[in-house]
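Engineer: need the 3D shape of this:
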Amino acid sequence: IFKISCLDAIATTFLQLVENGETQALANVTWSFATLAYRHGPLLEAIGGSVARRAGEYSGQGLANLVWAFSTVGYQHQPLVLVLAEQACKCSNSFTVQNFANVAWALANMDYLHQRCMDTVAEGSLAKISEMMPQSLANIAWAWARLVLMSPPLLEAIASESEKKMVEFQSQNLSNLAWSLATLEFRTPALIQVIAAEARRKVESLQCQDLASTAWSFARLAANDEELLGDIAVRVIATIEGLDELGLANTAWAFAKLDIENLPLFECLCNAAQLKMAKFTTQNLANFAWSLARLGLVKTSLLKDVQEQAMLKMAECTTFDLSILIWSFDALSVELPERFMNKALTHFTKELELEGDVGMFWFDVANVASQKPFENKEAFEVKFREILLRSVQYSLRRLASSDEDHQHSLEAWQSLVDMWNIPYL
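Structural biologist: Sure, this is the predicted structure:
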């Protein structure tokens, strides 16, 4: 209470000085409040307005501190962020390695892609890569992954430098670096092995969400380090209360993806998931159900909860979510109620027209829908024939015809298979 009162008093006093305040003082105060996780709306508005008018007066350090501070406290005024990003490009010559990392992290944390600024950060970071500490390396990699940017020269340099400094990485840095590589599917076997070795050494200090993130990352990279995954399983069981819904779903998905049937872990995950099921997103529900199906684990009570939550959240389901849910229950020979399937088929048919190329999802759902005379089955089948089956039939007829150029028909067929991700063909 004393700290908040004190900060309130400082903010109220400083508010009167913003208009004519020195740029370094404005940057320092904004950075300090962000570091203390203190958000004073009126002061942020005043400083933001001043910065927008006087951005060219700030030093590289001051500018980087401002971007980081605004992002940290969640102040995302788009015109101001644009001004800051543009100015960062102009004064990047005076940036330190920490400045580059802070600007990249801040923009990514706000989901704000300013391509020229990120290109500038990439160029500056490459020039100073040997000076970067582990947190800067991890933060820049994280920023590129968050914004889904590919810059092979930068990522390769980060990978090489990270290998050299891996023993200096803190647990969260390790987790963030692994997540970044996995998100971008940037496979560097040597670095992955080094991360695994260091993660095994520091697994006791990994926080719950970092454990889930690391497991997910290794699964996405198809890197099955049995010793590390075993250690993660033990730590997850010991700290299960700290895992949120995404962490539970991601951990289950990771172990299933790597075909690791750790029964004590899944028993623990299922029990924890049932307590938090109401907070699961539809993607979390689909991933958890898929994980059980992949390993052939029939958890009747949990699956009933998954089905009920999916029913309640049907409007939020994507065609991907629905197809995975329906496939999972079918794979486990667990029958979905008719009322669920009727609602699912209606929603799936409607959503497909909005989402486009989801051929393999059609087949997953169609295979189950064909087994019973569901209420909305006819509308589903009409759409199935109209959007996908006719194209498939036409392409196959051309491929079988002696009147058509065989190579051209084969290429057209392969293009259709690739576009729709048609399975089994």
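Engineer: let me see the ranges of the helices in the stretch 251-400 of the chain.
Structural biologist: With DSSP state H, counting those that start in this stretch as the criterion, the stretch 251-400 of the chain has helices at 263-276, 282-295, 300-312, 319-331, 338-355, 359-369, 377-384, 390-400.
Engineer: quick one: contacts for Leu228?
Structural biologist: Leu228 is in contact with 196, 199-200, 203, 214, 218, counting by CB atoms under 8 Å, 6 or more residues apart in numbering. In this view, the C-beta of every residue, glycine as well, is placed from N, C-alpha and C.
Engineer: please tell me the pLDDT value assigned to it.
Structural biologist: What the model reports for Leu228 is a pLDDT of 96.
Engineer: closest one of the contacts of Leu228 to Glu57?
Structural biologist: The closest of the contacts of Leu228 to Glu57 turns out to be Thr214 (CB to CB; 43.3 Å).
Engineer: following the one helix or strand the closest one maps to, which helix or strand comes up?
Structural biologist: Assigned by DSSP states H and E, Thr214 belongs to helix 208-220. Downstream of helix 208-220, the first helix or strand assigned by DSSP H and E is helix 226-238.
Engineer: wait, Leu399 touches His408, no?
Structural biologist: No: using CB atoms under 8 Å, Leu399 is not in contact with His408; the gap is 9.8 Å.
Engineer: who's more crowded, the two?
Structural biologist: Leu399 (15 against 11; other CB atoms under 10 Å).
Engineer: so how far is Thr188 from that one?
Structural biologist: 41 Å (CB to CB, to the nearest Å).
Engineer: same thing with Lys304?
Structural biologist: Distance from Lys304 to Thr188, by CB to CB: 43 Å.
Engineer: cool, Cys268 as well?
Structural biologist: Counting by CB to CB, the gap from Cys268 to Thr188 is 32 Å.
Engineer: returning to what we had before: what is the most widely separated pair among the contacts of Leu228?
Structural biologist: Maximum distance among the contacts of Leu228 (CB to CB): 12.5 Å, for Val203 and Phe218.
Engineer: so for the two, which sits in the more crowded spot?
Structural biologist: Neighbour tally, Val203 and Phe218, criterion other CB under 10 Å: the higher count belongs to Phe218, 25 against 20.
Engineer: need the contact list for the closest residue to the more buried one other than its chain neighbours.
Structural biologist: Closest residue to Phe218 apart from its sequence neighbours, by CB to CB, 6 or more residues apart in numbering: Asp225 at 6.3 Å. The contact partners of Asp225, by CB under 8 Å, 6+ apart, come to 196, 200, 218.
Engineer: again, but for Ala310
Structural biologist: Per CB under 8 Å, 6+ apart, neighbours of Ala310: 282, 285, 317, 321-322, 325, 340.
Engineer: distance of it from Cys317?
Structural biologist: 7 Å.
Engineer: go on, His408?
Structural biologist: Distance, His408 to Cys317, by CB to CB: 39 Å.
Engineer: equivalent analysis for Glu45, please.
Structural biologist: Distance from Glu45 to Cys317, by CB to CB: 39 Å.
Engineer: who has more neighbours out of the two?
Structural biologist: Each of Glu45 and Cys317 has its neighbours counted (other CB under 10 Å); Cys317 has more, 24 against 15.
Engineer: circling back: what's the closest of the helices of the stretch 251-400 of the chain to Ala238?
Structural biologist: Proximity to Ala238, assessed across those by CB to CB, is greatest for helix 263-276 (9.4 Å).
Engineer: quick one, that closest one and helix 226-238 angle?
Structural biologist: 40 degrees (axes from the mean of the first three to the mean of the last three CA atoms, to 10 degrees).
Engineer: now helix 263-276: buried residues?
Structural biologist: For helix 263-276, the neighbour count (16 or more other CB atoms under 10 Å) marks 265-266, 268-270, 272-273 as buried.
Engineer: which strands or helices does it pack on?
Structural biologist: Judged by 3 or more CB pairs under 8 Å, 6 or more residues apart in numbering; DSSP states H and E, helix 263-276 is in contact with helix 226-238, helix 245-257, helix 282-295, helix 300-312.
Engineer: can I get those in a markdown table with distance to Phe363?
Structural biologist: Listed next are the helices and strands packed on helix 263-276 as a markdown table, based on distance: least, CB to CB, whole Å:
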| stretch | distance to Phe363 |
| --- | --- |
| helix 226-238 | 32 |
| helix 245-257 | 21 |
| helix 282-295 | 16 |
| helix 300-312 | 20 |
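Engineer: I'd guessed Thr23 sits against Arg53; true?
Structural biologist: No: contact criterion CB under 8 Å: Thr23 and Arg53 do not qualify, at 11.0 Å.
Engineer: compare those two (neighbour count), which wins?
Structural biologist: Under the neighbour definition other CB under 10 Å, Thr23 and Arg53 were set side by side, and Thr23 has more, 18 against 11.
Engineer: quick one: residues contacting the more buried one.
Structural biologist: Counted by CB under 8 Å, 6+ apart, Thr23 has contacts 54, 57-59, 62.
Engineer: ok, Arg187 next?
Structural biologist: 181, 221.
Engineer: helix, strand or coil for it?
Structural biologist: Assigned with DSSP: H, G, I helix; E, B strand; the rest coil, Arg187 falls in the coil class.
Engineer: repeat for Leu113
Structural biologist: coil.
Engineer: count of neighbours near it?
Structural biologist: Neighbours of Leu113 using other CB under 10 Å come to 14.
Engineer: just Gly62 next, same as before
Structural biologist: There are 22 residues near Gly62, going by other CB under 10 Å.
Engineer: before we move on, what about Glu411?
Structural biologist: Using other CB under 10 Å, Glu411 has 11 other residues around it.
Engineer: let me see the contact set for it.
Structural biologist: Neighbours of Glu411 in contact, by CB under 8 Å, 6+ apart: none.
Engineer: pLDDT score assigned to Leu149?
Structural biologist: The model's pLDDT for Leu149 equals 95.
Engineer: now it. Nearest residue, chain neighbours left out?
Structural biologist: Per CB to CB, 6+ apart, closest to Leu149 is Met118, 6.2 Å.
Engineer: remind me which helix or strand that neighbour belongs to.
Structural biologist: Met118 belongs to helix 115-127, assigned by DSSP H and E.
Engineer: identify each buried residue in that helix, please.
Structural biologist: Neighbour count says helix 115-127 has 117-118, 120-122, 124-125 buried, by 16+ other CB under 10 Å.
Engineer: one more: stretch 200-210?
Structural biologist: So, applying 16+ other CB under 10 Å, buried residues of stretch 200-210: 202-203, 206-210.
Engineer: now these as a markdown table including distance to Tyr75 and pLDDT?
Structural biologist: Compiled in a markdown table, the buried residues of stretch 200-210 are given as follows (distance: CB to CB, whole Å; pLDDT from 0 to 100):
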| residue | distance to Tyr75 | pLDDT |
| --- | --- | --- |
| Lys202 | 34 | 95 |
| Val203 | 36 | 95 |
| Leu206 | 31 | 93 |
| Gln207 | 26 | 93 |
| Cys208 | 29 | 93 |
| Gln209 | 25 | 94 |
| Asp210 | 27 | 96 |
